[in-house]
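*Asks:* only geometry, no sequence info:
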């Protein structure tokens, strides 16, 4: 039982050694830092001792006092803390957390970040933020394992247009309207479901159960070529090729109006827009934006549109769509990046087709290149423009 010290009344101007009943003791005794605590040490001396202790705390390579570098797990089982090392510098926040939290998909981690459950250096951030050495990442809410939240089922009834396949990879011509993998809404008809129906063993390939063998993506409304890994080694090799931008991708795109130059490059950073599901292309990059480079050449001009050959050196979300919207020539048929003024051309859907895909075979190293023509709906619409 704690011994209670008797309250004292000041009669001679001295400072009481124990607590006081006054609601505002500073009005009576002046500087509170002079009031001794239960241990008999004045407040000023106690604060000085605390400062000396903090300064004496060891500094670790991670840069924070008392916290070693590298992935560090908080004592709170519901929270995790990481100190970014030099080897992870430049890595996206969502990619880094995906590598640390096994069994949890990147899309689920992105959702947690957007909910404000992840901070970097004490501030809420976007999933695309590039990490820097000594950044302190705190995950307040650990998302539930993807395998527990959603069981991916095979869908052999979803048809696949397989252009090429061997034991390591498959090249697929994705139709418009087919989502590549489930979003947080847990769609049940995606390319991922079709891959499991065609190759059940692909379920163990990749970073998560929701993206079996999927190395890169195309927008749902877009069509064209995708390469899929059928083994983990092939997956890691292709991922590295995408990382160093050695893979070639060429698109056929129809845009409203026509670019000022018949041939050029667009070098604008891509980042999440302030609202909605859109991305924004910016001349001056904001926090979380990523560099993006798109090249184009005008192939044919029409009264209110232009047919372009487009190739990219980076693969950012909505890169082509956001870049040409920033250029004042949004892609025809785009429901998100629309033209607010001027004459419009109405297409049956997004006029963006991944025409060509080239890469080194992950096992043999041989250069492989594939091409696919425009789908019938886009080809017919293009013919109608050419007749006018």
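*Replies:* That came through, no problem. Note that the structure is predicted; figures quoted are calculated from it, not measured.
*Asks:* SS state for residue 287?
*Replies:* At residue 287 the chain is in coil, as set by DSSP: H, G, I helix; E, B strand; the rest coil.
*Asks:* pLDDT below threshold where in the stretch 151-300 of the chain?
*Replies:* Across the stretch 151-300 of the chain, the stretches falling below the confidence threshold (pLDDT under 70) are 151, 184-185, 275-276.
*Asks:* break down it into its strands, ranges please.
*Replies:* Counting by DSSP state E, counting those that start in this stretch, the stretch 151-300 of the chain has strands at residues 162-165, 169-174, 223-229, 248-256, 263-267, 269-272, 279-282, 293-302.
*Asks:* point out the most buried one among the ones you listed.
*Replies:* Highest mean neighbour count of the strands of the stretch 151-300 of the chain: strand 223-229, a mean of 24 (counted as mean count of other CB atoms under 10 Å). All C-beta atoms are positioned from the backbone trio N, CA, C, and that covers glycine.
*Asks:* what's next to that strand, contact-wise?
*Replies:* Strand 223-229 is contacted by residues 163, 168-176, 180, 191, 195, 202, 205-206, 213-218, 235, 237-238, 251, 352-357, 359, 362, 370-372, 375, 378 when judged by CB atoms under 8 Å, 6 or more residues apart in numbering.
*Asks:* now with 7 Å, please.
*Replies:* For strand 223-229, contacts defined as CB atoms under 7 Å, 6 or more residues apart in numbering pick out 163, 169-176, 195, 205, 213-216, 218, 235, 238, 353-355, 357, 359, 370, 372, 375.
*Asks:* same check, this time on stretch 236-247
*Replies:* By CB under 7 Å, 6+ apart, the list of residues contacting stretch 236-247 from outside reads 215, 216, 227, 229, 313, 314, 315, 358, 359, 360, 362.
*Asks:* before we move on, the earlier item: any of the contacts of strand 223-229 buried? List them.
*Replies:* Buried by 16 or more other CB atoms under 10 Å: 163, 169-174, 176, 195, 205, 213-216, 218, 235, 238, 353-355, 357, 359, 372, out of the contacts of strand 223-229.
*Asks:* among the strands of the stretch 151-300 of the chain, which comes closest to residue 332?
*Replies:* Checking the strands of the stretch 151-300 of the chain against residue 332 by CB to CB gives strand 248-256 as the closest, at 4.4 Å.
*Asks:* count of residues packed around residue 310?
*Replies:* With neighbours defined by other CB atoms under 10 Å, the count for residue 310 comes to 24.
*Asks:* looking at it, it is touching residue 249, isn't it?
*Replies:* No: applying CB atoms under 7 Å as the test, residue 310 and residue 249 come out as separate, 8.9 Å apart.
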